[in-house]
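*Asks:* mind folding the following:
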Amino acid sequence: MKILHLDTNHPLMLNQLNDLGFTNEEDYTSSKEEIEGKIHLYDGFIIRSRFSIDKHFLDKAKNLKFIGRVGAGLENIDCDYARTKNIELIAAPEGNRNAVGEHSLAMLLSLFNKLNKADKEVRNGKWLREENRGIELDGKTVGLIGYGNMGKSFAKKLRGFDVKVLCYDLKNNVGDENCTQVSLKELQEKSDILSLHTPQTDLTKNMINANFINSFKKNFWLINTARGSAVVTKDLVAGLQSGKILGAGLDVLEYEKSSFENLFSDVKMPEAFQYLIDTENVILSPHVAGWTIESKEKLAQTIIDKIKAKFC
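*Replies:* Coordinates of the predicted model:
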């Protein structure tokens, strides 16, 4: 079987697939149109997020047996159409779930203890102790939306704290020793903290909007290490301004796209994004919750293991 690699990955990917007898070819620079011109020559390809895999692309891939996506989700692939062609879809949420769990906890503790604010102040010669008095996680209720690989990882990290962990998920009976599954209404009534761990779907797009935010009984903290499309930024900002949202840790933003960096050079930056940059009770990171030294290797190994199990 011939595999085309469209994004660079950990070296073990090519090494192990070669050892398994696959023929591996790499193309990290050609345009999507150029790839479409030769994709019929391959039995599989491996991608991260270089471009979307749509119906037109899949129609060109006449001999394709699998797509390996080195990441947690498959939202850049037309999965339904791929399945009609009996193409195996392989993702690797097991590979970066630990990283996402740790990053979610890091964001939450940083917010509670004002670490980013305090760090900047000390570097500028300010020694403000009372102004940087933190709050403790113990005694709080953490609500998770989505209880798959990422949600379970975060719940496991929270075991060392005296907290109650609740989750809401479309699937039934996903709760475990680390988390109690509840209705969305109960989650909104009891949570002090909301953490998102959902894939990108039609149901999750713009899920966190003004109506959703105002349905919470308590003022709450928001952590999003899932997908930026889940949160309506202007409604998040309104929540921060009103105090309904006490602070936010955002690894992802609705503005994300391949040219995200252009936001910083645009003549007019979105007003809501500018607010997030300027406010002290928001922590931002560049979609790196699952992006660790260890997860790079784990993601690659997960894809290899699944290819081996299916095709060897």
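*Asks:* the helix or strand encompassing L144 pairs with which strands?
*Replies:* Using DSSP states H and E, L144 sits within strand 141-145. Strand 141-145 has its sheet partners listed here by DSSP bridges as strand 164-168 (parallel), strand 193-196 (parallel).
*Asks:* moving C-terminal of the last one, what's the next helix or strand?
*Replies:* Under the assignment DSSP H and E, the closest C-terminal helix or strand after strand 193-196 is helix 210-214.
*Asks:* which strands border the helix or strand just after that following helix, and is each parallel or antiparallel?
*Replies:* Once the chain leaves helix 210-214, the next helix or strand it forms, by DSSP H and E, is strand 220-224. Strand 220-224 sits in its sheet next to strand 193-196 (parallel), strand 245-250 (parallel), going by DSSP bridges.
*Asks:* which other helices and strands does whichever helix or strand comes after the last one contact?
*Replies:* Looking back up the chat, that one is strand 245-250. Using DSSP H and E, the next helix or strand after strand 245-250 towards the C-terminus is helix 271-278. Packing partners of helix 271-278 (3 or more CB pairs under 8 Å, 6 or more residues apart in numbering; DSSP states H and E): helix 233-242, strand 282-284. The way it works is simple: take the backbone N, C-alpha and C, and place the C-beta from them, glycine included.
*Asks:* mind checking how far helix 271-278 is from the chain centre?
*Replies:* 21 Å (CA atoms, centre = their mean, to the nearest Å).
*Asks:* so which of the strands paired with strand 141-145 gets nearest S153?
*Replies:* strand 193-196 (11.0 Å; CB to CB).
*Asks:* quick check: mean pLDDT across that closest one?
*Replies:* The average pLDDT within strand 193-196 is 98.
*Asks:* got the contact list for that strand?
*Replies:* 104, 108, 140-146, 151, 154, 187, 208, 216, 220-227, 230-231 (CB atoms under 8 Å, 6 or more residues apart in numbering).
*Asks:* just the buried positions in stretch 205-212, please.
*Replies:* Buried residues in stretch 205-212, counted by 16 or more other CB atoms under 10 Å: 207-208, 212.
*Asks:* send over the helix or strand hosting R97 as CSV, restricted to the C-alpha atoms.
*Replies:* Taking DSSP H and E as the criterion, the element that holds R97 is helix 93-112. Provided in CSV are the C-alpha atoms of helix 93-112 (Å, rounded to 0.1, in the frame of the first residue of the first chain):
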residue,chain,number,x,y,z
PRO,A,93,-7.7,11.8,20.3
GLU,A,94,-5.9,9.3,22.6
GLY,A,95,-2.6,10.9,21.6
ASN,A,96,-3.1,14.4,23.1
ARG,A,97,-5.9,13.9,25.7
ASN,A,98,-3.4,14.1,28.6
ALA,A,99,-1.9,17.3,27.2
VAL,A,100,-5.4,18.9,26.9
GLY,A,101,-6.3,17.8,30.4
GLU,A,102,-3.1,19.4,31.8
HIS,A,103,-3.5,22.6,29.8
SER,A,104,-7.1,23.0,30.9
LEU,A,105,-6.1,22.7,34.6
ALA,A,106,-3.1,25.1,34.0
MET,A,107,-5.4,27.7,32.6
LEU,A,108,-7.9,27.4,35.4
LEU,A,109,-5.3,27.7,38.2
SER,A,110,-3.6,30.6,36.4
LEU,A,111,-6.9,32.5,36.3
PHE,A,112,-7.8,31.7,39.9
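*Asks:* noted, bye for now.
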